[in-house]
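1. quick one, structure for this:
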Amino acid sequence: MSEKLTSCQIKYALMSYFRFTRQWICASECMDNDVMVLGNKGIIEVEVKVSKYDLWKGEARKPKHARWKEESSRYYRPNKFYICTEKHLIEEATKWVEETNSKYGIIEAFEHSVYIRKKAVLLHKNISPYIPQKIMMRVCSENIGLMGRMIREEIK
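-> Residues are numbered from 1 along each chain as shown. Below is the predicted model of the structure:
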């Protein structure tokens, strides 16, 4: 069996796919999720899972999943939601999606790419108007942080 990927490696593969293959805007760690995407049909939220525990005890305990089942939820809801993990957790992810919300999708991660195993179904059609700005703010913050680290390394 090959070495397991880190969540950072999976996020990199996801963001590369959404940005360069799909030509969509995306950000990591935006609004308490791993990857947020502004696609052509709305907002896609992706949670990366690297262990069975993280899936069942981490993600499952988040109250957003119960809220998103409500059609008239007053809380923010993405238009689509995916769980992304490696092959060794796909079976568990499938069980989790069936138990939590059958509209959710599943993405399989590889070292430098991803494959959509189960397409997500629209949770709703409304696009939150403030989300594009949140994504751009997060991207700017991340770029500033990366530039700061590069500058500090140059100074050393």
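
2. all helices in this structure, in order from the N-terminus.
-> Secondary structure of the chain by DSSP state H: the helices cover 7-16, 52-53, 64-68, 90-100, 131-155.

3. let me know which of the ones you listed is the nearest to residue 84.
-> Closest to residue 84 of the helices of the chain is helix 7-16 (Cβ to Cβ; 5.9 Å). Glycine gets a C-beta too; all of them are placed from N, C-alpha and C.

4. give me the contacts around that closest one.
-> 5, 26-28, 34-35, 46, 48, 50, 84-86, 107, 109-114 (Cβ atoms under 8 Å, 6 or more residues apart in numbering).

5. beta partners of the residue most central in space within the chain?
-> The chain has residue 46 as the residue nearest its centroid, 1.8 Å off, counting by Cα atoms, centre = their mean. Residues in a beta bridge with residue 46, per DSSP bridges, are residue 35, residue 82.

6. lowest average confidence, helix or strand, in the chain?
-> Here the helix or strand of the chain ranked lowest by mean pLDDT, DSSP states H and E is helix 64-68, holding a mean of 82.

7. what comes up buried for it?
-> Neighbour-count burial for helix 64-68, counted by 16 or more other Cβ atoms under 10 Å, picks out 64, 68.

8. most tightly surrounded among the helices of the chain?
-> For the helices of the chain, the largest average neighbour count (mean count of other Cβ atoms under 10 Å) is found in helix 7-16, namely a mean of 19.

9. roughly how far apart are residue 12 and residue 154?
-> 23 Å (Cβ to Cβ, to the nearest Å).

10. in this structure, which ranges drop under the pLDDT threshold?
-> 1-2, 71-75 (pLDDT under 70).

11. what separation is there between the nearest residue to residue 96 once chain neighbours are set aside and residue 88?
-> In this structure, residue 96 finds its nearest non-sequential neighbour in residue 55, 5.4 Å apart by Cβ to Cβ, 6 or more residues apart in numbering. According to Cβ to Cβ, residue 55 and residue 88 sit 12 Å apart.

12. for the residue lying closest to residue 69 once chain neighbours are set aside, the count of nearby residues, please.
-> Distance criterion Cβ to Cβ, 6+ apart; nearest residue to residue 69, sequence neighbours excluded, is residue 101 at 6.4 Å. When neighbours are counted by other Cβ atoms under 10 Å, residue 101 registers 16.
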